[in-house]
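In: Predicted coordinates and the sequence they were generated for:
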Amino acid sequence: MVKKDIDASSVLLTPDYAEFIPAMERRRMSQVQKMSIACAMDCLHQSTIAQPDAIIVGTSMGCSINIKNFLDKILEANDGPLSPTSFIVSTHNTVAGQIALLMKNHGYNMTYTQNSLSFEQSLGDAMLCCAEGLKNVLVGGADEEEDSLYNMRERLKNDEVLLTSGASFFILSNIRPQGNAINLIDVGSFGLIKNTLETTLNFLKANNTTDLEIDMVLYAMSEKSKLNELTSFFGAERLFDYQTVTGTYYTNSAFAMNYAVDILSNRPHPIFGEVKTVLVYNNLIPENLGLILLRTKNE
Amino acid sequence: MKVFVTGIGVISAVGLNARENLHSLRSLRTGIHKSAQYKVMTGEVPLNNEQLLQIHDLPDEDYSRTTLLALPAAKEAWGSNKNDSRIRTGLISSTSVGGMDRTEKYYFQSQVNKTSDNYSLMIHDNGRTTEKLAEELGISGHISTISTACSSGANSIMQGARLIEGNILDRVIAGGSEPLATFDIKGFNSLNIYDSEICKPFDEKRMGLNLGEGAAFVVLENEQSISITGNKPLCILCGWSNATDAFHQTASSPDGKGAYLAMKNALAKAGISPDKINYINAHGTGTGNNDLSESMALKNIFGEALPSFSSTKGFTGHTLAAAGAIEAVYCTLSLVSQATLPNLNFSNPMSETGMMPETQFRPAKIDYVLSNSFGFGGNCTCLIFYKY
């Protein structure tokens, strides 16, 4: 539930990582690794799945702190001997690989890194995996805040965004489960496009959904001048800026999907009322658009 | 649904295009030399950034070498293809370190000069290197970047095939690009797996890998797309699979379980038995661990009837995220030229396996070619190509 908007004094809410990650492994992990693995493990604990058939992670900057650490070590070593510790956990697929390693999972393992669309592309692949016949897919998005990322603001055309960290993971299943589950209708990832609204309408049309059926639009938009267009189309009352809750990181649409699932699972929602269909509208980078369409199971 | 390979493009230490690469493979010419810049044996592309900018008529902006290497390969593969609203087209690229060549340059400068010039990590954004490529090719919409370390290039091509088979796209240009960077050279050195001489894949006395740089792309199309473009298929991508070794963050398991699963599932996807494979382009980095683990996996798949196999890393060096893509192009060249590709610097078989790689560019009847790519995180990918 929304208590207050995020601000500069906000801190990352972290669980007791000891519950999720063995001490030996935990000690050497950076924030993005710990956040992601804790989420992934929590996700699996909540389900009854012992092993997912695939693990897919979206991360824009990957293990940027490990990369920075290794660059620092190179400078310090001055051509002398170097420890490989940071290097071996510097690749973008470190998180997806470590989840598999901790679980001894031999399935499909993939990592997407398309800045603000990294999560949508992971989710798209997860849907494709389900269409191909895999039963359960673990999919998530994660990024960590790091000092030198502040110039991201230039790309976002917004000097005021508050950079944060976050991770969200999900289980996608192609078997209709008992109990709480939400339908992921479709996901779209559109890079370097000009007309975001037209693209959105085409996406909805392809999914036999009219804009009137969208009860709520969870949106992120850095270029505030474009907000008028969205407001005049959907109406202000259907819009909610999820960055007021998450702050900004490139895979925060994964949080928005988590939030959408919460809203759709608690009907009527205490704040938003009766919500059956949610569109996550990720226009974080002005020329990139991510769309996620979710609906309650029984509609 | 069939996935046709209709275009290939490659730039590596042994050639600036597919024709030059094929010529080097035929004439057993390595591209690995002592690097003036890095002081170790590397497979460097013999063009500097200024020359690459000039070739592509680009402004002298902050293009990472990742993008600059990707451009010639992608343009060669793309050829005379045009955008067409009837053909749903996507671009998938892969890189392991994004714009690391620039990142480390700026980072080292800012640390030494105590300035806070952090423009670097903007360029480091992997996705940006692909967007720059998309801008040059005029592609918008489906623009994607995959980063699974040394299997990235193969994964990018696999995703292209899956998106076509899943009827999401009709045509995909897929591949990968990787520049040399101090970061990786120091990294592999710190793991004590960097050979100070030219690497010797599958040899008993192999000492490790040499890093290389380059890029490669393939154009994949379905029949509908071909009916519009009129492109002539070079071969068919008929099998693919990705599996996880789940043994260690960087080392491969003794029995190569991930590699075994990737090959087994790719063969199942292609619907063929192992004896149909005529040539294997192995991952074969030249490290003690990889080559033994991969050999065990090969033995477990093929038994005593091991087809002709080789690693082409002795030509190009290990080009990380580009490797799987470069080797996919080499597999296409093997099918088109009906020849097996050579493994350089091999003298003594490994005592554990006694396996003898192909050491010649040898004319042969080639129907099916299998390509392996493995990466950190236990990421294992196998692609299978069929002659057209």
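Out: Happy to help now that I have it.
In: and the closest residue to chain B within chain A, how many neighbours?
Out: Of chain A, the residue with the smallest distance to chain B, taken as C-beta to the nearest C-beta, is A:Gly97 at 2.2 Å. Any C-beta I mention is one placed from the backbone N, CA and C, and that applies to glycine too. Look at A:Gly97: counted by other C-beta atoms under 10 Å in any protein chain shown, it has 29 neighbours.
In: just A:Lys73 next, same as before
Out: Based on other C-beta under 10 Å, the number of other residues close to A:Lys73 is 18.
In: tell me the contacts of it?
Out: By C-beta atoms under 8 Å, 6 or more residues apart in numbering or on different chains, the residues touching A:Lys73 are A:82-83, A:86.
In: quick check, it in a helix?
Out: Yes. Counting by DSSP: H, G, I helix; E, B strand; the rest coil, A:Lys73 falls inside a helix.
In: on that earlier part again, the residue of chain A closest to chain B contacts B:Phe247, doesn't it?
Out: No. The pair A:Gly97 / B:Phe247 is not scored as a contact, 10.6 Å apart, by C-beta atoms under 8 Å.
In: got any residues that touch both of those two?
Out: In contact with both A:Gly97 and B:Phe247: B:Gly378, using C-beta under 8 Å, 6+ apart.
In: where's A:Asp79, which helix or strand?
Out: According to DSSP states H and E, A:Asp79 maps onto no helix or strand at all.
In: Could you do B:Thr66 as well?
Out: Under the assignment here (DSSP H and E), B:Thr66 is part of helix B:65-78.
In: next structured bit after that helix?
Out: Immediately after helix B:65-78, counting by DSSP H and E, sits strand B:89-94.
In: ok, the helix or strand just after that following strand near chain A or not?
Out: Next helix or strand after strand B:89-94 toward the C-terminus (DSSP H and E): helix B:100-113. Yes. Counting by C-beta under 8 Å from any C-beta of the partner chain, chain A has neighbours in helix B:100-113: B:103-104, B:107-108, B:111-112.
In: Just the buried positions in helix B:100-113, please.
Out: Across helix B:100-113, burial judged by 16 or more other C-beta atoms under 10 Å in any protein chain shown covers B:100-107, B:110.
In: next one: stretch A:75-91
Out: Buried, per 16+ other C-beta under 10 Å, within stretch A:75-91: A:82, A:84, A:86-91.
In: In the stretch 251-388 of chain B, where is pLDDT below threshold?
Out: Applying pLDDT under 70 to the stretch 251-388 of chain B flags no residue at all.
In: Do a quick rundown of the helices in it.
Out: Using DSSP state H, counting those that start in this stretch, the helices of the stretch 251-388 of chain B run over B:257-270, B:288-302, B:313-316, B:323-337.
In: Dump the C-alpha coordinates for the last one into PDB.
Out: What follows is helix B:323-337, C-alpha atoms only, in PDB (Å, rounded to 0.1, in the frame of the first residue of the first chain):
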ATOM      1  CA  ALA B 323      32.400 -15.800 -30.500                       C
ATOM      2  CA  GLY B 324      29.100 -17.700 -31.000                       C
ATOM      3  CA  ALA B 325      28.100 -15.400 -33.800                       C
ATOM      4  CA  ILE B 326      31.500 -15.500 -35.600                       C
ATOM      5  CA  GLU B 327      31.400 -19.300 -35.300                       C
ATOM      6  CA  ALA B 328      27.800 -19.400 -36.700                       C
ATOM      7  CA  VAL B 329      29.100 -17.600 -39.700                       C
ATOM      8  CA  TYR B 330      32.000 -20.000 -39.900                       C
ATOM      9  CA  CYS B 331      29.500 -22.900 -39.800                       C
ATOM     10  CA  THR B 332      27.600 -21.400 -42.700                       C
ATOM     11  CA  LEU B 333      30.900 -21.000 -44.600                       C
ATOM     12  CA  SER B 334      31.700 -24.700 -43.800                       C
ATOM     13  CA  LEU B 335      28.300 -25.700 -45.300                       C
ATOM     14  CA  VAL B 336      28.500 -23.400 -48.300                       C
ATOM     15  CA  SER B 337      32.100 -24.500 -49.100                       C
END
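In: report the angle between the axes of that helix and helix B:65-78?
Out: In terms of direction (axes from the mean of the first three to the mean of the last three C-alpha atoms, to 10 degrees), helix B:323-337 departs from helix B:65-78 by 20 degrees.
In: For chain A, tell me whether helix B:323-337 is touching it.
Out: No. Applying C-beta under 8 Å from any C-beta, one finds helix B:323-337 separated from chain A by no less than 13.4 Å.
In: Using the record's assignment, carve chain A into domains.
Out: A:17-173, A:182-296 (automatic domain parsing).
In: could those go into CSV alongside mean pLDDT and distance to B:Ile32?
Out: Shown next, in CSV, are the domains of chain A (pLDDT from 0 to 100; distance: least, C-beta to C-beta, whole Å):
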stretch, mean pLDDT, distance to B:Ile32
domain A:17-173, 93, 22
domain A:182-296, 95, 36
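In: out of those domains, which comes closest to B:Ala259?
Out: domain A:17-173 (11.1 Å; C-beta to C-beta).
In: Tell me the gap between that closest one and the middle of its chain.
Out: 10 Å (C-alpha atoms, centre = their mean, to the nearest Å).
In: and the helices of the stretch 251-388 of chain B, which is most packed in?
Out: Mean neighbours per residue, mean count of other C-beta atoms under 10 Å in any protein chain shown, is largest over the helices of the stretch 251-388 of chain B for helix B:313-316, with a mean of 30.
In: which residues touch that one?
Out: Applying C-beta under 8 Å, 6+ apart, the set of residues contacting helix B:313-316 from outside is B:12-14, B:24-25, B:29-32, B:43, B:198-201, B:209-210, B:212, B:214, B:284-286, B:323, B:326, B:343-345.
In: now for the domains of chain A, which one comes closest to B:Asp57?
Out: Comparing the domains of chain A by C-beta to C-beta, domain A:182-296 comes nearest, at 20.3 Å.
In: how far does that closest one sit from the chain's center?
Out: 13 Å.
In: Return the members of the contacts of helix B:313-316 classed as buried.
Out: Buried subset of the contacts of helix B:313-316 (neighbour count, 16+ other C-beta under 10 Å): B:12-14, B:24-25, B:30-32, B:43, B:198-201, B:209-210, B:212, B:214, B:284-286, B:323, B:326, B:343-345.
In: hey, where'd the helices end up in the stretch 51-200 of chain A?
Out: In the stretch 51-200 of chain A, the helices defined using DSSP H, counting those that start in this stretch lie at A:64-77, A:85-88, A:94-103, A:118-132, A:152-156, A:196-206.
In: Run through who's touching the last one.
Out: The reference is to helix A:196-206. A:186, A:188, A:190, A:193, A:210-211, A:214, A:226, A:229-230, A:233, A:279, A:281, A:283, A:289, A:291, A:293.
In: Just the CA atoms of stretch B:75-94, as CSV, please.
Out: The C-alpha trace of stretch B:75-94 is given here as CSV (Å, rounded to 0.1, in the frame of the first residue of the first chain):
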residue,chain,number,x,y,z
LYS,B,75,26.0,-4.1,-42.8
GLU,B,76,27.6,-7.0,-44.6
ALA,B,77,25.0,-9.4,-43.4
TRP,B,78,22.1,-7.0,-44.1
GLY,B,79,23.4,-6.3,-47.6
SER,B,80,20.7,-4.9,-49.8
ASN,B,81,17.9,-5.8,-47.5
LYS,B,82,15.3,-3.0,-47.1
ASN,B,83,12.8,-2.2,-44.5
ASP,B,84,9.3,-3.4,-45.6
SER,B,85,6.1,-2.9,-43.6
ARG,B,86,5.1,-6.5,-44.6
ILE,B,87,8.1,-8.0,-42.9
ARG,B,88,8.2,-7.8,-39.2
THR,B,89,11.9,-7.3,-38.6
GLY,B,90,14.0,-7.2,-35.5
LEU,B,91,17.6,-6.7,-34.4
ILE,B,92,19.2,-8.8,-31.7
SER,B,93,22.8,-8.1,-30.7
SER,B,94,24.9,-9.3,-27.9
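In: buried sites along it?
Out: For stretch B:75-94, burial by neighbour count (16+ other C-beta under 10 Å) applies to B:75-78, B:81, B:87-94.
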